[in-house]
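**Student:** here is the input, now give the coordinates:
(chains A and B)
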Amino acid sequence: KAGVTQTPRYLIKTRGQQVTLSCSPISGHRSVSWYQQTPGQGLQFLFEYFSETQRNKGNFPGRFSGRQFSNSRSEMNVSTLELGDSALYLCASSQLTGIRANVLTFGAGSRLTVL
Amino acid sequence: AQKVTQAQTEISVVEKEDVTLDCVYETRDTTYYLFWYKQPPSGELVFLIRRNSFDEQNEISGRYSWNFQKSTSSFNFTITASQVVDSAVYFCALSGNTPLVFGKGTRLSVIA
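**Tutor:** The predicted structure is shown next:
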């Protein structure tokens, strides 16, 4: 059974550009969550999608957005990149949403460097 | 608000030593779940254990054991006879009425 797949694994952008990251969840998983990981702030929740609807959103500016497709694949977009957006972006999938006991299965992440 | 504190930023031990990773949490929810995840250098977080707030039984899985104490809001993780392959960052996390909240992690280095 394939795990959570994130692409690209590494990318370098310059300030002001925008970036799109992709996440393919485990087959059968309908919920996708995104986390940002930085050395200073640790793992911070970005948003969660279920059945193409955003169910929860973390405390990030509007430059951060996402969407989910009918096949449960998800993308997140960051516009007008800033140096502080340099981070490891982790995607996680689970079968259901809104259930506290959900075990998240994580991908290996997309490491974004903003110059 | 939910909060998870892992006071140990980095721990270094010699192989075969036992090591305990501390986790203290804060929540007002009466029903919640606690988790431990491991993040090896590859970056992918790997699920280790889940505990619900009503189950304070300690758990042992091979060399790993977990001690959940509601009275002190702690969920500590012990690795017995550590091995080099245990070197990773370990995260404690809490799920209540909000999405999963993680602690800052503890970087464990096991030296041969």
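**Student:** lowest average confidence, helix or strand, in chain A?
**Tutor:** strand A:53-57 (a mean of 92; mean pLDDT, DSSP states H and E).
**Student:** do chain B as well
**Tutor:** For chain B, judged by mean pLDDT, DSSP H and E, that is strand B:59-61, with a mean of 88.
**Student:** parallel or antiparallel, which strands does it pair with?
**Tutor:** strand B:64-69 (antiparallel) (DSSP bridges).
**Student:** buried set for the partner strand?
**Tutor:** Buried residues in strand B:64-69, counted by 16 or more other CB atoms under 10 Å in any protein chain shown: B:Y64, B:S65, B:W66, B:N67, B:F68. (Glycine included, C-beta is placed from N, CA and C.)
**Student:** just stretch B:57-64 next, same as before
**Tutor:** So stretch B:57-64, judged by 16+ other CB under 10 Å, has buried residues B:Y64.
**Student:** how far off centre is that stretch?
**Tutor:** How far stretch B:57-64 lies from its chain's middle: 12 Å, per CA atoms, centre = their mean, to the nearest Å.
**Student:** now do the end-to-end distance for that stretch.
**Tutor:** 14 Å (CA to CA, to the nearest Å).
**Student:** count the neighbours of residue 25 for me.
**Tutor:** You didn't pick a chain, so chain A it is. 27 (other CB atoms under 10 Å in any protein chain shown).
**Student:** sorry, I should have been clearer: chain B.
**Tutor:** B:Y25 has 21 neighbouring residues, counting by other CB under 10 Å.
**Student:** show me what from chain B comes close to chain A.
**Tutor:** B:31-33, B:35, B:37, B:42-47, B:50, B:52, B:91, B:95-105 (CB under 8 Å from any CB of the partner chain).
**Student:** can you list contacts of the least confident helix or strand of chain B?
**Tutor:** B:I49, B:R51, B:S65, B:W66 (CB atoms under 8 Å, 6 or more residues apart in numbering or on different chains).
**Student:** now do the last one against B:L48, distance only.
**Tutor:** Think B:W66. 8 Å (CB to CB, to the nearest Å).
**Student:** what touches both of the two?
**Tutor:** Joint contacts of B:W66 and B:L48 (CB under 8 Å, 6+ apart) are B:W36, B:F77.
**Student:** list the helices and strands the helix or strand where A:N77 lies packs on?
**Tutor:** Assigned by DSSP states H and E, A:N77 belongs to strand A:74-78. Contact here means 3 or more CB pairs under 8 Å, 6 or more residues apart in numbering or on different chains; DSSP states H and E; on that basis strand A:74-78 packs against strand A:19-24, strand A:31-38, strand A:42-50, strand A:64-68, strand A:87-94.
**Student:** the fourth one near chain B anywhere?
**Tutor:** No. Using CB under 8 Å from any CB, strand A:64-68 stays clear of chain B, coming no nearer than 13.6 Å.
**Student:** so where is chain A shaky, pLDDT-wise?
**Tutor:** Scanning chain A for pLDDT under 70 picks out the ranges A:1, A:97-99.
**Student:** give me every residue in it lying close to chain B.
**Tutor:** So far as CB under 8 Å from any CB goes, chain A lies against chain B at A:3, A:33, A:35, A:42-43, A:45, A:48, A:56, A:58, A:88, A:90, A:92, A:100-109, A:111.
**Student:** please repeat the previous calculation with a cut-off of 10 Å.
**Tutor:** With CB under 10 Å from any CB of the partner chain as the criterion, chain A comes near chain B at residues A:3-4, A:6, A:9, A:33, A:35, A:37, A:39-48, A:55-58, A:88, A:90, A:92, A:94, A:97-111.
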